[in-house]
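**Q** quick one: sequence plus predicted model below, questions after.
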2 protein chains.
Amino acid sequence: MSSAQQIAQRARMAGNSLKTISNDNRSAILYKIRDALKAGASDIEAANKLDLQNAKETHLSDSLLKRLDLFKGDKFETMLQGIKDVADLEDPVGKIKMARELDEGLTLYQVTAPVGVLLVIFESRPEVIANITALCIKSGNAGILKGGKESVNTFREMSRIINDTIEKNEKETGVPVGAVQLIETRQDVNDLLDQDEYIDLVVPRGSNALVRNIKNSTKIPVLGHADGICSVYIDEEADLEKAKRIVFDAKTNYPAGCNAMETLLINPSCPNWWEVLENVTRKGDVTLHCMPDVKKAYLDKLTQLGTSDDVIKTHTVDVDEKHDFDKEFLSLDCAVKFVNSTEEAIKHINVHSSRHTDAIVTENKDSAELFLKGVDSSGVYWNASTRFADGFRYGFGTEVGISTSKIHARGPVGLDGLVSYQYQIRGNGQIAGDYLGAGGNRAFIHKDLDVTRKITL
Amino acid sequence: MSSAQQIAQRARMAGNSLKTISNDNRSAILYKIRDALKAGASDIEAANKLDLQNAKETHLSDSLLKRLDLFKGDKFETMLQGIKDVADLEDPVGKIKMARELDEGLTLYQVTAPVGVLLVIFESRPEVIANITALCIKSGNAGILKGGKESVNTFREMSRIINDTIEKNEKETGVPVGAVQLIETRQDVNDLLDQDEYIDLVVPRGSNALVRNIKNSTKIPVLGHADGICSVYIDEEADLEKAKRIVFDAKTNYPAGCNAMETLLINPSCPNWWEVLENVTRKGDVTLHCMPDVKKAYLDKLTQLGTSDDVIKTHTVDVDEKHDFDKEFLSLDCAVKFVNSTEEAIKHINVHSSRHTDAIVTENKDSAELFLKGVDSSGVYWNASTRFADGFRYGFGTEVGISTSKIHARGPVGLDGLVSYQYQIRGNGQIAGDYLGAGGNRAFIHKDLDVTRKITL
């Protein structure tokens, strides 16, 4: 048996056991892990110093060094608080989603249950290991964790403390050793990506390249997104002030965010549409990569109004038509195109967007409804900035990631994305052969019950 | 561009358009398709005769011939009625699953939406094409359909009628040509299984070999199950009469069903446990593949009671320990093993079952709850036969399949399994930069709304 298979099987066994642990005990072990990490702060800091020293020797960039440093500012305290926050969330497991009386004394329940085994791959920020440990245990899933090699000493030390704590408290809390396993090498990841018999979901947290690479290397479902190519469409009947505000926010509030606008679609019948472009360039320093007709109409208009100047000119460039509409700029750049109708906007988005989040600005309800129905993305917005696509803004308490898959979890994913469901039937000895369709005469009742009532026979 | 890619892209375009069609229009086209198939009955029958003739020439088995024959008994009428039944189901699209006020005038909705493009692969029963067409269109998904080659003439004729009807009514109903595409060759399937950019879900409907082969050949999520290895566990505190009835039903009601029991786990502390075995053999002609200790204890007991005879002896054989607990017999055979506790039963099931459906027979509530929590299968039953695992018995109106995946749809899958969801935000020009965490001062409200209210601004 390969090492990867052993790790995956061990996780599966731990997951089967974790599935039966009460929410109180899952939360209790998280509190204990938080305390142990706090008590072990000096050991963790020593390990972190080692990572920082190695990083300096290999001339890592300053921004990467900053991310590696776990004891800069209140990062460590925030990490500990994060474990507590997750522990205190509502239990995602065991929620009754549907209850139906099949017959007297024969009841069907659809109940949330952990997915099972998660393989979580992240990059260098050392605090992520604590966050992921909390998410896995709280949701009743076993986790196999792989962090970036730059933080290996910090990860190792934190993992040691976490696993010691789980082991010490296994009798009391029931949370099994094996619930959280740290793996260290790239080869281990590659081997684990083949273990689709034991691993149920891969959660990559990091760069687009990381996610894309993982999606291409496994048959296991992947929860995440490689690209965030979000569009805003300014409709013929857009309120110009809303359009200006939304475009400015969507592009400039955090250009490196996956929910930032990368493509701006404009209906040229919208009166004074050019003000949207002028505003985002002047106030936001954004460079517009324009289709030829947009560029010409925009600059002609500005000349005609006598408002054209060098800033505008240097910030208005030709779009690379072949690539820029499928590109995540992650910078103060934006591709701009004219579309003549909401239908045309929807078509463009469904071909070019990464199914993340797209918005329409309009006062016309019919256009809005058409857009919300027609766009095939996880988030479809009417008169709101794409930047709202975020687990915390959605009120999920925590964010596991943002998914652009079409099934399971879509969009910002909270703890709910780490659970699936099972059907329970509670009976009194009933057999199918007594019912119509399988040889008997009894008919099913199929009466839906109030899902808020507690499960009792 | 390959032919497969063209087909997949065409389906994607059709799916994007289908997504926006009202339930009335989706149902209307199904009624029209039903009428057209009825009107075209003689053409379909001629094509079906051709298939039957070819089948006879290639010496297909009688049972396969029977399945091919679409005009035997009331099969054709039942098929037409099936289209109507699906058309009349509640719309699975556009249901509000969650509604939350993020701020005044800024509301988040989680709304069900079609998955997009389905690749449905089935075998020779010609009526399946009508059923699948109905399921796809009703759920707003584009379908690419591949049937068994034995029915190719029937499929071709029915597909022609279906597509003619869609084309003729495209203006009126909006349902686009390309919504249902029939493909004919095995090579096309193989090529389509690579089109994970355009195809969202594969639904194989057929033999275990078909499903296993497809699962191994694609990165696209597969809705279905290769095996149904279901177990029944007779607990120490089982009611013996319930145990006898449930085991008899689970094994003999339809042995070829995926929800039939294949493994029987017995706690030897259950008084008179052997009666369960004797009952299922005498009344059900079942052959028991027993572990050595079960076989010895069982036969000793019967001898001791003076009830042993040749029927029992020839129906009690040695289990093939390496294979029989991971095997779907699909016949009147059953592997039998002693386990000494509910925990041990759970462990056995979590290692050997195919995560389909497993049951415990017990009067002890704690054992039952442990079993329901601990077993990692899509269906977990207490005092009920595994044979209840079925979309119609669950009250789903129709059954798309039974899934043993851990994510998306699990267990019997109704139309709901063909939809996913999208998040809609309806706002009034709000931008993230006004809120805490993104540069502003406003806090989110995060107030959950009643999901039964209609969407209105």
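**A** Perfect, thanks for sending it.

**Q** ok, A:Asn441 to chain B distance?
**A** For A:Asn441, the distance to chain B equals 14 Å [C-beta to the nearest C-beta, to the nearest Å]. Every residue, glycine included, has its C-beta placed from N, CA and C.

**Q** one more: A:Thr386?
**A** Distance from A:Thr386 to chain B, by C-beta to the nearest C-beta: 9 Å.

**Q** what is the burial count for the closest residue to A:Asp91 other than its chain neighbours?
**A** What sits nearest to A:Asp91 in space, not counting adjacent residues and going by C-beta to C-beta, 6 or more residues apart in numbering or on different chains, is A:Asn23, at 3.8 Å. A:Asn23 has 16 neighbours, counted by other C-beta atoms under 10 Å in any protein chain shown.

**Q** A:Asn23 against A:Lys95, yeah?
**A** No. If you go by C-beta atoms under 8 Å, A:Asn23 and A:Lys95 don't touch, sitting 10.9 Å apart.

**Q** if we can go back for a sec, tell me the contacts of the residue nearest to A:Asp91?
**A** For A:Asn23, the contact set (C-beta atoms under 8 Å, 6 or more residues apart in numbering or on different chains) comprises A:91, A:93-94.

**Q** and of the residues you listed, the nearest to chain B?
**A** Minimum distance to chain B across the contacts of A:Asn23 is 8.0 Å, recorded for A:Gly94 (C-beta to the nearest C-beta).

**Q** still on that earlier bit, and the residue nearest to A:Asp91, how far is that from A:Asp200?
**A** Using C-beta to C-beta, to the nearest Å, A:Asn23 is found at 21 Å from A:Asp200.

**Q** go on, A:Gln422?
**A** Counting by C-beta to C-beta, the gap from A:Gln422 to A:Asp200 is 13 Å.

**Q** run a quick neighbour tally on the residue of the stretch 51-200 of chain A found nearest chain B.
**A** As assessed by C-beta to the nearest C-beta, chain B sits closest to A:Asp200 within the stretch 51-200 of chain A, at 4.3 Å. For A:Asp200, the neighbour count with other C-beta under 10 Å is 25.

**Q** from what I see, it and A:Ser139 are in contact.
**A** No. If you go by C-beta under 8 Å, A:Asp200 and A:Ser139 don't touch, sitting 11.8 Å apart.

**Q** shared neighbours, those two?
**A** Common neighbours of A:Asp200 and A:Ser139 (C-beta under 8 Å, 6+ apart) are A:Val115.

**Q** partner strands of the longest strand along chain A, with direction?
**A** Counting by DSSP state E, the longest strand found in chain A is strand A:419-430. Next to strand A:419-430 in the sheet, as set by DSSP bridges, lie strand A:106-114 (antiparallel), strand B:379-384 (parallel).

**Q** for the last one, output the C-alpha coordinates as CSV.
**A** In this case it means strand B:379-384. Extracted C-alpha coordinates of strand B:379-384, given in CSV (Å, rounded to 0.1, in the frame of the first residue of the first chain):
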residue,chain,number,x,y,z
GLY,B,379,-29.6,5.8,3.0
VAL,B,380,-29.5,4.8,6.7
TYR,B,381,-32.6,3.0,7.9
TRP,B,382,-34.0,1.9,11.3
ASN,B,383,-36.4,-1.0,11.3
ALA,B,384,-37.3,-0.7,7.6
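
**Q** returning to that earlier point: flag every buried residue along the longest strand of chain A.
**A** Across strand A:419-430, burial judged by 16 or more other C-beta atoms under 10 Å in any protein chain shown covers A:419-427, A:429-430.

**Q** show the contacting residues for A:Arg12.
**A** A:Arg12 touches A:116-117, A:142, A:198, B:350, counting by C-beta under 8 Å, 6+ apart.

**Q** repeat the analysis, applying 10 Å as the threshold.
**A** Under the criterion of C-beta atoms under 10 Å, 6 or more residues apart in numbering or on different chains, the neighbours of A:Arg12 are A:116-117, A:142, A:178, A:195, A:197-200, B:350-351, B:376.

**Q** and which of those residues is nearest B:Thr314?
**A** Among the contacts of A:Arg12, B:Val351 lies closest to B:Thr314 (C-beta to C-beta), at 30.3 Å.

**Q** can you tell me if the helix or strand where the closest one lies touches chain A.
**A** Following DSSP states H and E, one finds B:Val351 within helix B:342-352. Yes. Helix B:342-352 lies within reach of chain A by C-beta under 10 Å from any C-beta of the partner chain, at B:343, B:346-347, B:349-351.

**Q** just checking, what packs against that helix?
**A** Where contact means 3 or more C-beta pairs under 10 Å, 6 or more residues apart in numbering or on different chains; DSSP states H and E, helix B:342-352 is packed against helix A:3-18, strand B:230-234, strand B:261-266, strand B:333-338, strand B:357-361, helix B:365-374.

**Q** what's the most buried one of the ones you listed?
**A** Burial of these is given as mean neighbour count (mean count of other C-beta atoms under 10 Å in any protein chain shown); strand B:357-361 ranks first at a mean of 32.

**Q** strands paired with it, and their directions?
**A** Strand B:357-361 has these partner strands in its sheet, going by DSSP bridges: strand B:230-234 (parallel), strand B:379-384 (parallel).

**Q** redo those strands as CSV? Include mean pLDDT and distance to B:Glu170.
**A** Below are these laid out as CSV (pLDDT from 0 to 100; distance: least, C-beta to C-beta, whole Å):
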stretch, mean pLDDT, distance to B:Glu170
strand B:230-234, 98, 45
strand B:379-384, 98, 41
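
**Q** quick one: closest of those to B:Thr307.
**A** If we rank these by C-beta to C-beta, the stretch that ends up nearest is strand B:230-234, at 19.3 Å.

**Q** and the closest residue to A:Ala41 other than its chain neighbours, what element?
**A** Computed as C-beta to C-beta, 6+ apart, the closest residue to A:Ala41 that is not its neighbour in sequence is A:Phe76, at 6.7 Å. Using DSSP H and E, A:Phe76 maps to helix A:75-87.

**Q** and that helix, which residues are buried?
**A** Residues A:75-76, A:79-80, A:82-83, A:86-87 are the ones in helix A:75-87 that count as buried (16+ other C-beta under 10 Å).

**Q** with stretch A:58-65 instead?
**A** Counting neighbours by 16+ other C-beta under 10 Å, stretch A:58-65 gives A:60, A:65 as buried.

**Q** then stretch A:155-166?
**A** For stretch A:155-166, a neighbour-count test (16+ other C-beta under 10 Å) marks A:155-159, A:161-163, A:165-166 as buried.

**Q** between the buried residues of helix A:75-87, which sits nearest B:Leu18?
**A** A:Val86 (39.7 Å).

**Q** that closest one: what's it in contact with?
**A** A:Val86 neighbours (C-beta under 10 Å, 6+ apart): A:26-27, A:30, A:34, A:130-139, A:397-398, A:415.

**Q** skipping its backbone neighbours, what lies nearest it in space?
**A** Spatial nearest neighbour of A:Val86, excluding adjacent residues (C-beta to C-beta, 6+ apart): A:Ala134 at 3.9 Å.

**Q** and that neighbour, what is it in contact with?
**A** Neighbouring residues of A:Ala134 by C-beta under 10 Å, 6+ apart: A:26-27, A:29-30, A:33-34, A:79, A:82-87, A:89, A:143, A:180, A:398, A:415.

**Q** give me that answer again for 6 Å
**A** Residues near A:Ala134 by C-beta atoms under 6 Å, 6 or more residues apart in numbering or on different chains: A:30, A:83, A:86.

**Q** again, but for A:Cys290
**A** A:316, A:319, A:336.

**Q** tell me which residues in stretch A:46-58 are buried?
**A** By neighbour count with 16+ other C-beta under 10 Å, stretch A:46-58 contains the buried residues A:47-48, A:51-52, A:54-55.
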